[in-house]
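K.L.:
Let's see this in three dimensions:
(chains A and B)
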There are 2 protein chains.
Amino acid sequence: MDLNPSPLARPFPDLPPIAGVTLRIARARYKTWDRCDLTYAELAEGTAVAGVFTRNVCCSSEVELGREQARLGSARALVVNAGNSNAFTGYRGREAVEAIMAQAAAHLDCNPSDVFVSSTGVIGVPLPQDKAREGLAAAFNAEPCGWQEAAETIGTTDTFAKGAGASAMIGETRVELAAIIKGSGMIAPDMATMLGYIFTDAAIAPDFLQEMLSKANATSFSCITVDSDTSTSDTVLLFATGKAGNARLESWESPGADAFYAALRQVCLDLAQLVVRDGEGAAKFISILVTGAESDASARRIGLAIANSPLVKTAIAGEDANWGRVVMAVGKAGEPADRDKLSIGFGGVWTARDGQPLADYDETPVAAHLKGQDINIAVDIGLGEGHAEVWTCDLTHGYIAINADYRS
Amino acid sequence: MDLNPSPLARPFPDLPPIAGVTLRIARARYKTWDRCDLTYAELAEGTAVAGVFTRNVCCSSEVELGREQARLGSARALVVNAGNSNAFTGYRGREAVEAIMAQAAAHLDCNPSDVFVSSTGVIGVPLPQDKAREGLAAAFNAEPCGWQEAAETIGTTDTFAKGAGASAMIGETRVELAAIIKGSGMIAPDMATMLGYIFTDAAIAPDFLQEMLSKANATSFSCITVDSDTSTSDTVLLFATGKAGNARLESWESPGADAFYAALRQVCLDLAQLVVRDGEGAAKFISILVTGAESDASARRIGLAIANSPLVKTAIAGEDANWGRVVMAVGKAGEPADRDKLSIGFGGVWTARDGQPLADYDETPVAAHLKGQDINIAVDIGLGEGHAEVWTCDLTHGYIAINADYRS
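P.N.:
Model prediction:
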């Protein structure tokens, strides 16, 4: 399927090399295509790792294994297969992952548990071990490549390559972060799983690395939605090679920890929003700010109820400031809310306050705002101090065309 | 907006009069239209009532009041306004409802709490009290009408009138049920709220009436979904006039209670499925049977996760036996499930068993089944004895056209 780039696409950024990370790509030919579809990242000895994974209970073997490996905290390689997700393939799928881990471990003389594997694409077909083996062997011998080539190689139904970067000072040492991600909703038979990989040259203790990633995830990847559906393979991994030579971050008390976290959180947010910008059929990027909820968690659940509402998403597609649908979505979230304290605004203008529409609000700037590509919805619950921001895209004919008109 | 009848429409059934129920309709002209939009049902003295209401916490004054009134157990009248939902209108909306209750109570010389009011249509605009008053006065003087006229009058964006009926023997006495319902998803600015009214001439104690309605609701109205969105006004009321002269049903031990419940449950199921058949843009009616879950409640939640999945709904629209999307939806439900015990079938043919696709299944009957209008999806979780059936419709370009292309 050829897709035009999303109208919300962003150019691939300039990202610096990360000391201790070498990227290579190869053709495993998981599908009948002539493109690179296997990405291999070699990581320096001593690299720490952290991960967050899908909560879908029908997850793939890659996710089951990755979750266990991430707990061990160390990594030497990452292998990403595009074109076959290896999900719902039983024991044969697991064997295929273990074969890749063994092959890379032999090549690097490391533990198989230091080799992380992700797969994305067709489900229900065990990853062909011969193609994986030959593809990985070719990658070992390939010339190193840059971030954009790697981002293109992990992609499946993505309409543009996605990357993000940042830097931070830890004491006198400048550390770099570079990251790539793929995902655009879920397209069958290729589930457009979200796979994200963040690399840094900072030295960070694995437990603290995990703590920071989990915290950043809560207000980034966990606050986006395209269609409420959840892939069986979603994975974000964070690798820290330690090659920058900084004093190792051990906890929030370590000097520079806050600066690194701020950079990490920005990278996570950038990556998450790029996935929304490639949402299937998306024509508008929607930011939803919820304030005044009983807690931040409650605000997030209300925000996601709004973001997942087909009626809200189609209203935005129709450039309609339909606050009534937002009220409905707040009410169905099952969180504390009081109809008569609720306020709703679009593009910085309140259209309803304290449970009643504002008869005299100025429609002109609201109508102009809704014609744009970046839409802001503000919801004040009027009960407490909890707040959250979530991001989604509109629901258009394009979504139906991609998901219904296309046959597996 | 003129809409063609849903391709899944059913003809209005022949329904008998119910002793103790008199229906009348009138023009309140809540919108600039020339159609009847106010329905008035007069109920015999001694009529018992039960109700189930939306769980949306931003509910309308009608729902707030109706919930309290239903607890009192007695009814003398029902007034349904079409064209203005009176939702999100603050104290002025509540005053409008109380004015209608007072007017009908004065007419019938009964308690205002015996007068039930529902409203459906535009939100955010207080129901105009003058129009309501004049419309209701006109209804008092109108000739009695039949079920289909009443069904048409409570409708807003419905594409066909919906009714259902049944009868049961209580001892030697035959009792009748007749019912009407409106709803087709939610269309802004008219939220296509589900409003259902069931009438019977049986004599039934109010507490037991409520018990039976709540039980029937759990496997009918609570098991349908069009787009996962929840109206702020959904209401189902059950009125029992007692005019049939049967020995009053007091509990499950009363002779005939099981027979009456079976008839009631069938009516609830028929009504609920009719709403799905009028789902916005629906081209296919989808039944999802979940077996082998840890409990019935768990099976229902899994069923609704499948039914609400945009990816499953678009796959059915595309006539694609995409079991992978069903797996995904099972996994995201958050209920106990084991990928390797899961089986999925379409139209009576298993396509995946025990967590793996069946390579040799016969695609021909599955493909033929998916070309039809009535689609069956079977999911066996493989863990326990819990089961549930839920109903939904597909997600098509028609849904987007109705909800995004149309502007408020």
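
K.L.:
My assumption is that residue A:395 lies in a strand; please confirm.
P.N.:
No. Residue A:395 sits outside any strand when classified using DSSP: H, G, I helix; E, B strand; the rest coil, being coil.

K.L.:
Grab the nearest non-local neighbour of it.
P.N.:
Leaving out its chain neighbours, the residue that sits closest to residue A:395 by C-beta to C-beta, 6 or more residues apart in numbering or on different chains is residue A:313, at 3.6 Å. Every C-beta, even on glycine, is put in place using the N, C-alpha and C of the backbone.

K.L.:
what does residue A:392 give?
P.N.:
Closest to residue A:392 by C-beta to C-beta, 6+ apart is residue A:307, at 3.8 Å.

K.L.:
burial measure for the one you found, as a count.
P.N.:
Residue A:307 is flanked by 24 other residues according to other C-beta atoms under 10 Å in any protein chain shown.

K.L.:
Identify the residues contacting it.
P.N.:
Residue A:307 makes contact with A:225, A:286, A:288, A:313, A:390, A:391, A:392, according to C-beta atoms under 8 Å, 6 or more residues apart in numbering or on different chains.

K.L.:
Ok, residue A:42 next?
P.N.:
Going by C-beta under 8 Å, 6+ apart, the list of residues near residue A:42 reads A:21, A:22, A:24, A:76, A:77, A:108.

K.L.:
Residue A:137 is in contact with the third one, correct?
P.N.:
No. The pair formed by residue A:24 and residue A:137 falls short of the contact definition of C-beta atoms under 8 Å, at 11.3 Å.

K.L.:
So between the two, which is more surrounded?
P.N.:
The residue with more neighbours, out of residue A:24 and residue A:137, is residue A:24; 22 against 14, by other C-beta under 10 Å.

K.L.:
So in that sheet, which strands flank the strand or helix carrying that one, and in what orientation?
P.N.:
Using DSSP states H and E, residue A:24 sits within strand A:21-26. Strand partners for strand A:21-26, identified by DSSP bridges, are recorded as strand A:38-53 (antiparallel).

K.L.:
The strand it pairs with: which residues count as buried?
P.N.:
Using 16 or more other C-beta atoms under 10 Å in any protein chain shown as the test for burial, strand A:38-53 gives A:38-44, A:47-53.

K.L.:
any idea how far the closest residue to chain B within the stretch 51-200 of chain A is from residue A:125?
P.N.:
Chain B sits closest to residue A:58 of the stretch 51-200 of chain A, with a gap of 3.2 Å, by C-beta to the nearest C-beta. According to C-beta to C-beta, to the nearest Å, residue A:58 stands 16 Å off from residue A:125.

K.L.:
more crowded one of those two?
P.N.:
residue A:58 (25 against 20).

K.L.:
where's that one relative to residue A:119, distance?
P.N.:
For residue A:58, the distance to residue A:119 - C-beta to C-beta - is 15 Å.

K.L.:
Over to residue A:146?
P.N.:
Here the criterion is C-beta to C-beta. By it, residue A:146 lies 23 Å from residue A:119.

K.L.:
And for residue A:211?
P.N.:
Distance of residue A:211 to residue A:119, computed by C-beta to C-beta: 27 Å.

K.L.:
and those two? which has more neighbours close in?
P.N.:
The neighbour comparison of residue A:211 against residue A:119 (other C-beta under 10 Å) goes to residue A:119, with 31 against 17.

K.L.:
Before we go further, that one is sitting in a strand, right?
P.N.:
Yes. Under three-state DSSP, residue A:119 falls within a strand.

K.L.:
List the residues that contact it.
P.N.:
Applying C-beta under 8 Å, 6+ apart, the residues near residue A:119 are A:60, A:62, A:80, A:81, A:82, A:84, A:85, A:86, A:87, A:97, A:127, A:233.
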